[in-house]
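**Q** the sequence and its predicted three-dimensional model are supplied below.
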Amino acid sequence: MSFVKNAWYTAAWSDEINPGQLFNRTYLNEPVLIYRKQDGTAVAMSDRCPHRFAPLHLGKMVGDSVECPYHGLVFDCSGTCTSNPHGKGSIPKAAVVPTFPIVERHNLLWIWLGDPALADDSKIPDYSFMTDRVRWSTIHGYLHLKVNHDLLIDNLTDLSHAPFVHDVLESRDVCKGEFKVVRKGEVVETINWCPGIEPPPFFKMLKGTAELVDDQGLIDHWQDMRFEPPACMITYYGIARRGSAREQGMDTYNPNFVTPETSTTSHYFWAGSRNFDINDSVVNEFFRKGYGYAFEHQDRPILEAQQQMLGGSDLMSMRPVMLVNDAGSVQVRRVMQDRREAEQASGLHPPSDK
Amino acid sequence: MSFVKNAWYTAAWSDEINPGQLFNRTYLNEPVLIYRKQDGTAVAMSDRCPHRFAPLHLGKMVGDSVECPYHGLVFDCSGTCTSNPHGKGSIPKAAVVPTFPIVERHNLLWIWLGDPALADDSKIPDYSFMTDRVRWSTIHGYLHLKVNHDLLIDNLTDLSHAPFVHDVLESRDVCKGEFKVVRKGEVVETINWCPGIEPPPFFKMLKGTAELVDDQGLIDHWQDMRFEPPACMITYYGIARRGSAREQGMDTYNPNFVTPETSTTSHYFWAGSRNFDINDSVVNEFFRKGYGYAFEHQDRPILEAQQQMLGGSDLMSMRPVMLVNDAGSVQVRRVMQDRREAEQASGLHPPSDK
Amino acid sequence: MSFVKNAWYTAAWSDEINPGQLFNRTYLNEPVLIYRKQDGTAVAMSDRCPHRFAPLHLGKMVGDSVECPYHGLVFDCSGTCTSNPHGKGSIPKAAVVPTFPIVERHNLLWIWLGDPALADDSKIPDYSFMTDRVRWSTIHGYLHLKVNHDLLIDNLTDLSHAPFVHDVLESRDVCKGEFKVVRKGEVVETINWCPGIEPPPFFKMLKGTAELVDDQGLIDHWQDMRFEPPACMITYYGIARRGSAREQGMDTYNPNFVTPETSTTSHYFWAGSRNFDINDSVVNEFFRKGYGYAFEHQDRPILEAQQQMLGGSDLMSMRPVMLVNDAGSVQVRRVMQDRREAEQASGLHPPSDK
């Protein structure tokens, strides 16, 4: 179960990386140091000093450089050792820390752990709605989960779990929606269209819903998902007046990003953007608490127990029973498997594999 | 160190499985769900949903069935999937949860993890004295121990540890008793007969003892053990007036049951039945606290430290020194080894090994 | 990464082993029981009873012997079983606990885990200054660290980390000192001589320093290290009036001893002896707290993080960058590697390997 390496992964929310602070997180088994230069741009490099493998994040910032906490070697933001405080101060050629391309966009830091020559930031998917404060209002959060990334992606790309795991969000009416999977290249979309049902429980708690129901109390509802490799997802979750356009209803775009930490632990970045009550801080808090509760107290116990049940085994090797709604997750696993095979066939050796 | 699988193991005390609740425990490395049907009879099945391996015990009861917490598949008490709430609701043939024979008897639930065709509940040993409230008074308890089941069975089948580990129960006088081992088929009994000694410390604290001692303050004492595979034991522990029948003395039957959880952890079920002061709640409490203390605070530290000392090694591979009182444990290990070899030779493949 | 076994390791500070108490600690993966006989001399033996591998330290002292907590076998201080309380009391020939030579000297207990025939206590290095209360005042401490012993020895034999990890002790001026490594047989010394610098921060806080500085506020400073196998070190750390003898300055001898517990955990014994303010309890406390803080709160986080970074890998297999000050540690690793190879070539099989 190797990782796809040549891809932009989400490393952190922008507000996790504060000026003057050294931040550390492990991605794809690689311990990484992240900090901001004085001009605010982010830098990512291996968190291991090449001298004694002390963690650089325990050191200190010196201008735009970092000083190792153990013996004081200084590395600039290109990973080059620029100062050896000992003796005559000569700097060994090998005193270099591997750096990783990192780009800040859409309120996130995106990191590339693979072959740096292939890191093209035009390939970072467009999540600009997260920073569009005119049309959208967005909240976000982060969770560390003791679950393999593929199991977490399954969870997100098969939203049929919602009415069971998250009964505060969805009713079982969505199980009878019109379901289909659409694949466009490496993008996999699952569409679940539920015309003429009662508003889902979450929307029932929102004040605008009353204005959208027809005289039988029904609305149109959708719960769609879009996946793009390696682990960028959006859940489209909304309601509209029966027969009217989505844009005129209460729509939410809910980004989800998964970055493997190890083979059994994952970083999970979630957000929620809505097109209504944009400047209402009470509604903001309602979304933040509602979503936060769902991921922390409803998904986490099942996902971590599922990981325990599997032990070190891959789900697919256990020959699971398949249901109709798994079609999206199956496509996603194929996309990822193709990527992994292509990387292996290409013979590329990213720095951390050397 | 494989397990004997074709055997009735104790799964839980009856009062651990409450109406309307989903109970989970792992036996022989197999995660198991147990619950009561509406008529009170118990059901046991794999705790893993065959769809995504979510733990069923996090789900909910629906009549006599269980609904998976993750995607809502419903399994009846035969393990058959009876409802798929998604789409057209078709049910994949493979959507079956393995069930395990489970029988409630003598205030315990007995589970069969091996070949179901061999599960004959007439083979459950007779512990009916535990529910005989006319002649006996019985207390019981449960401990989870970080010790291999064979080490725990050694502990129970070699009672010579009692005066050292449990000085509140036994004095060292019992070391000089008449000791013998009697094997009857697969049943191993160790007999320790101590005529004419002072009452053991535990009995000294009981009011009836004063009436049994002779004019030198002596009684007859016994501390016997009966083992029956796979892990059903009774300690017979009592005193009587010198030369008189046991039944006329203060007698206790102390059942002990061990069920492997993993190779290094065990479930330990203990009880204490006595033929005196049957309706005396103070004496009940004295037994409950005395026994509970002995197992929790005296056996547990030594057993768990012993497991640590052995690491992953089997005791016998370490060539331990043997003492005369090990004769019972040695017989027990032989009985169990014969069972394991017979199972392997028979080529039976219980469901959980497939 | 095997251990050097034929060597005197520090087992405990004298005050850790109290009369009448059973003490246990693991050295080189060997669980060891230590206690004092009634005449005060220390005894060390395997902590595992040869009968059932119960830990003897949970038992009790009986005169100069120890009684196993599980079944009451008694072992005298030569490890011989002298009493079997069961049945006729016959003692199996194999009922012997391996003992280890242990010697109390210089306020420490020194243990020999290797071939007992080679244990020559004249080889215990001379740390008699630690108990010389006329010329020296000494404080000491102990830490259990989750770090491999070689990494801890690297830390101690490369003092160039001091101004970075311990800025309360050293300033960066010492980086420009005159550095050399002197090897005398198996003894490795690193010399760092810093003439004419400002007093290091730690000395600035000591009252006597003011009397030693010249009119420019400068002193001579040294920070040397002496290593002797397997893991006996002294840091010489002091200041003197410019151009005058060390003995006339404020001198400290700081012993450090490392004993492997496992391949990833170590026992660290530290002390500090000074030739000034000998009877001043305030200065005593200043040293105890200052050193204790440095080791616990400054070394520990870096060392344990370094171990995490390396995982199970040996540092040298990771091809670390070398700096000039590593020369001492490199020599020390060579000395130890030679020792290990000599032991393996000799075909000696210490008891615990049998």
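**A** Thanks, I have the structure now. Remember, predicted model here, so these are calculated numbers, not experimental data. Numbering: from 1, shown residues only, chains lettered A, B, ... in the order given.
**Q** would you map the helices across chain A?
**A** Under the criterion DSSP state H, chain A contains helices at A:149-157, A:162-165, A:201-204, A:281-293, A:300-310, A:327-346.
**Q** okay, the ones you listed in JSON lines with distance to chain C, mean neighbour count and mean pLDDT next?
**A** (Each C-beta comes from the backbone N, C-alpha and C, glycine too.) Below are these laid out as JSON lines (distance: least, C-beta to the nearest C-beta, whole Å; neighbours: other C-beta atoms under 10 Å in any protein chain shown; pLDDT from 0 to 100):
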{"stretch": "helix A:149-157", "distance to chain C": "20", "mean neighbour count": "24", "mean pLDDT": "97"}
{"stretch": "helix A:162-165", "distance to chain C": "34", "mean neighbour count": "23", "mean pLDDT": "96"}
{"stretch": "helix A:201-204", "distance to chain C": "41", "mean neighbour count": "18", "mean pLDDT": "96"}
{"stretch": "helix A:281-293", "distance to chain C": "30", "mean neighbour count": "15", "mean pLDDT": "96"}
{"stretch": "helix A:300-310", "distance to chain C": "21", "mean neighbour count": "20", "mean pLDDT": "97"}
{"stretch": "helix A:327-346", "distance to chain C": "23", "mean neighbour count": "17", "mean pLDDT": "95"}
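**Q** nearest to residue A:244, of those helices?
**A** Closest approach to residue A:244 among these is made by helix A:201-204 (15.2 Å; C-beta to C-beta).
**Q** and that closest one, does that touch chain B?
**A** No - counting by C-beta under 8 Å from any C-beta of the partner chain, chain B is not contacted by helix A:201-204; separation bottoms out at 15.6 Å.
**Q** who in chain A is up against chain C?
**A** Selection of chain A residues close to chain C by C-beta under 8 Å from any C-beta yields A:31, A:47-48, A:50-55, A:58, A:67-73, A:84-88, A:90, A:92, A:94-95.
**Q** can you rerun that using 7 Å?
**A** By C-beta under 7 Å from any C-beta of the partner chain, the residues of chain A that approach chain C are A:31, A:48, A:50-55, A:58, A:69-72, A:84-87, A:92, A:94-95.
**Q** return the members of these classed as buried.
**A** A:31, A:48, A:50-55, A:58, A:69-72, A:84-86, A:92, A:95 (16 or more other C-beta atoms under 10 Å in any protein chain shown).
**Q** which ones among those residues also lie next to chain B?
**A** Among these, no residue is within reach of chain B (C-beta under 7 Å from any C-beta).
**Q** just those: which are in strands?
**A** Among these, the ones falling in strands (DSSP state E) are residue A:31.
**Q** got a list of what the residue positioned nearest the centre of chain A touches?
**A** Centrality entry for chain A: nearest residue to the mean C-alpha point is residue A:257, 1.4 Å, by C-alpha atoms, centre = their mean. Residue A:257 sits next to A:10, A:231-232, A:269 when contact means C-beta atoms under 7 Å, 6 or more residues apart in numbering or on different chains.
**Q** try 8 Å
**A** A:9-10, A:108, A:231-233, A:268-270 (C-beta atoms under 8 Å, 6 or more residues apart in numbering or on different chains).
**Q** mind checking pLDDT for it?
**A** We have a pLDDT of 98 for residue A:257.
**Q** and what of residue A:2?
**A** 86.
**Q** any figure for the gap between it and chain C?
**A** 18 Å (C-beta to the nearest C-beta, to the nearest Å).
**Q** I figured that residue hits residue A:344, correct?
**A** Yes - look at residue A:2 against residue A:344 with C-beta atoms under 8 Å: they come within range, at 7.3 Å.
**Q** could you check how far residue A:126 is from residue A:105?
**A** 9 Å (C-beta to C-beta, to the nearest Å).
**Q** brain fart, residue A:224
**A** On the measure of C-beta to C-beta, residue A:224 and residue A:105 end up 24 Å apart.
**Q** which residues does the nearest residue to residue A:75 once chain neighbours are set aside contact?
**A** Once flanking residues are discounted, residue A:75 sits nearest to residue A:97: 5.1 Å by C-beta to C-beta, 6 or more residues apart in numbering or on different chains. Residue A:97 makes contacts with A:45-46, A:48-50, A:56, A:75, A:79, A:81, as judged by C-beta under 8 Å, 6+ apart.
**Q** could you redo the last one with a cut-off of 6 Å?
**A** Residues in contact with residue A:97 (C-beta atoms under 6 Å, 6 or more residues apart in numbering or on different chains) are A:45-46, A:75, A:79.
**Q** what do you get for residue A:62?
**A** residue A:74.
**Q** pretty sure residue A:259 sits against residue A:267.
**A** Yes - here residue A:259 reaches residue A:267: they are 4.3 Å apart, a contact under C-beta atoms under 6 Å.
**Q** next, count neighbours for residue A:236.
**A** By the criterion of other C-beta atoms under 10 Å in any protein chain shown, residue A:236 has 18 neighbours.
**Q** which strand residues bridge it?
**A** residue A:224, residue A:253 (DSSP bridges).
**Q** separation between it and residue A:254?
**A** Applying C-beta to C-beta to residue A:236 and residue A:254 gives a distance of 8 Å.
**Q** go on, residue A:97?
**A** Applying C-beta to C-beta to residue A:97 and residue A:254 gives a distance of 37 Å.
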